[in-house]
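Undergrad: okay, predicted coordinates and the sequence, questions at the end:
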Amino acid sequence: QGFLPGGSIQLTSVNGDTLVEEGSLLNVSGGSAGGDAGAIGLSAGRGIVALGGVLKADVADGYRTGSFALTTSTLDDFGGLNAKLNDWGFSRRRDFAILDGDVLLNGTTRVDALRIVTGNGDIRVAGDAILGSDSAKGGTILLASGGDLIVADGARFDVGAKGADQRGGSVDLQVAVGGNIDAGQAMIDVSGKGKGQGGTVRLRAAQTQGDVAVTRWGANVAGGDTQLEAFRVYDLDDADGDTSNGHMAEIDTALQQQVIADATAFMDANGDGIRARLGQTGNTAFQLVPGIELRSEGDMDLVHNWNFKNARFDGKGGVLTLRAGGDLTINANLSDGFVDGHATPDVVSPEDLPFGWTPGSVPLPDVPASDFTNDDSWSYNLVAGADFAQTNVLSTQTGSGGAIEVGGLVRTGTGDINVAASGDLTY
């Protein structure tokens, strides 16, 4: 009642099933006069979740709707479940983790943020599927398959902005090593509204022998660019060879030069052929970039500065992913978008300052344009406590305590920096 937010309900079975029986009600609605709805999580790590009851996440006008998370070994009726969630008010966020077997995405799903991952099964998007958002600023969809990811002709991804002058949404399609992306003539709308920028479609698939694990890309993307990251995984050895003191991998200059050389060789030898095979030759809205994924089963440390300013592929940067099962320590500079890999000082001569200037009274002049590379930069994924069993590179193991400590400079220009840690983030 009144102006109160809804709470949260978490039902978890570690070794068996989680049953919400017919006649039961799980209610996380906001107050009748105002307040956001809450969240419901249902988990059965080694069994199934059977939902026979009713969930409720009602809100007054102008307040945020509910969030729903499901972890189950199998999911037989995705479309039926999501039709209920649409009606029950869970349109803020939905997370699905299907640990065993395949999942078929069918029917209509309307939610602002949708994340679906499989442990070892395929994700199939049916031709009648509509995965969409009614969010003013555009929605987000992440599909990360432990097997193949197949999108049928006619499927629709609708995450374009619905509000005036808002940015479009994003669609991420990922497969693990050994999986393939096969996308038919689907419709993907990531467009902005009015003055809002268009969104992005990101594909992530492993490099194969002279190719990338994307069988077909026939999707029609409206309102934004498509980036295909062809990634390669490097499992790093222990730096001192002494496992008695734990596994510590180091990223030094020699390793940096090696992986950049590998990425350059792959792109030089195969880039044009991949674009031609996928029917994307000459399509400037389709960008093929290399991905470098460095893994350590324990800790990982960046010990030498890494400047990506000269690593470009048709004028584009790539994607760097650092995944540590333990701690990730950045003890050196990780930089792109700037000519100098060190911190760029704001240098202003005293005579250029306004009379009577004191710190903070007026902004200092902008950094000179000559300090920037003025092109498309690299993106970074920085992960500690990484869950290597998951396809989504930002997945972490709950309770592992893996921490990220930044003792150097981490920056890029036009790229993204994504950070995930199961423990602390210190910088």
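TA: Perfect, I can see it now. Residues are numbered from 1 along each chain as shown.

Undergrad: rest of the way, CA atoms for contacts and neighbours
TA: Will do.

Undergrad: in stretch 114-132, what's buried?
TA: Using 16 or more other C-alpha atoms under 10 Å as the burial criterion, the residues of stretch 114-132 that qualify are 114-127, 129-132.

Undergrad: in strands, which of those residues fall?
TA: Those of the buried residues of stretch 114-132 mapping onto strands are L114, R115, I116, V117, T118, I123, R124, V125, I130, L131, G132, per DSSP state E.

Undergrad: and the last one, how far from L149?
TA: Just to be clear, that refers to G132. Distance, G132 to L149, using C-alpha to C-alpha, to the nearest Å: 18 Å.

Undergrad: check the fifth one too.
TA: When C-alpha to C-alpha is the yardstick, T118 and L149 sit 10 Å from each other.

Undergrad: try the second one
TA: Counting by C-alpha to C-alpha, the gap between R115 and L149 amounts to 14 Å.

Undergrad: repeat that for M267.
TA: 24 Å.

Undergrad: same thing with S191?
TA: Separation of S191 from L149 (C-alpha to C-alpha) stands at 23 Å.

Undergrad: any idea what the closest residue to D76 other than its chain neighbours is bridged to?
TA: Leaving aside its sequence neighbours, D76 sits nearest to V103 (C-alpha to C-alpha, 6 or more residues apart in numbering; 7.0 Å). Applying DSSP bridges to V103 gives these bridge partners: I123.

Undergrad: likewise L11?
TA: Applying DSSP bridges, one finds that L11 bridges with L42.

Undergrad: who are the contact partners of it?
TA: T18, G41, L42, S43 (C-alpha atoms under 8 Å, 6 or more residues apart in numbering).

Undergrad: pull the number of nearby residues for Q258.
TA: Around Q258 there are 11 other residues, counting by other C-alpha atoms under 10 Å.

Undergrad: for A265, that is, sorry about that
TA: Applying other C-alpha under 10 Å, we find 12 residues neighbouring A265.

Undergrad: tell me which element it is part of?
TA: helix 253-277 (DSSP states H and E).

Undergrad: in this structure, where is pLDDT below threshold?
TA: 1-2, 343-370 (pLDDT under 70).

Undergrad: wait, doesn't N220 sit right on M187?
TA: Yes - if you go by C-alpha atoms under 8 Å, N220 and M187 touch, sitting 5.0 Å apart.

Undergrad: higher neighbour count, these two?
TA: Ranked by neighbour count (other C-alpha under 10 Å), N220 and M187 place M187 first, with 18 against 13.

Undergrad: in the sheet, who's paired with the more buried one?
TA: Bridge pairing for M187 - DSSP bridges - gives R156, N220.

Undergrad: go through stretch 382-389 and flag the buried ones.
TA: L382, V383, A384, G385, A386, D387, F388.

Undergrad: and if you look at stretch 67-79?
TA: Per 16+ other C-alpha under 10 Å, stretch 67-79 contains these buried residues: S67, F68, A69, L70, T71, T72, S73, T74, L75, F78, G79.

Undergrad: was I right to think the fifth one contacts R115?
TA: This points to T71. No - the criterion here is C-alpha under 8 Å, and T71 misses it with R115 at 11.7 Å.

Undergrad: list residues touching both of those two?
TA: By C-alpha under 8 Å, 6+ apart, T71 and R115 have these common neighbours: F96.

Undergrad: how much space separates S133 from A205?
TA: 25 Å.

Undergrad: G218 now?
TA: Plainly put, G218 is 16 Å away from A205 if you go by C-alpha to C-alpha.

Undergrad: next one: D58
TA: From D58 to A205 the distance is 39 Å (C-alpha to C-alpha).

Undergrad: try D424
TA: Distance from D424 to A205, by C-alpha to C-alpha: 30 Å.

Undergrad: neighbour count for the two, which is higher?
TA: Here D424 and A205 are compared on neighbour count by other C-alpha under 10 Å; more neighbours surround A205, at 23 against 14.

Undergrad: touching, that one and D172? I think so.
TA: No - judged on C-alpha under 8 Å, A205 makes no contact with D172 at a distance of 11.1 Å.
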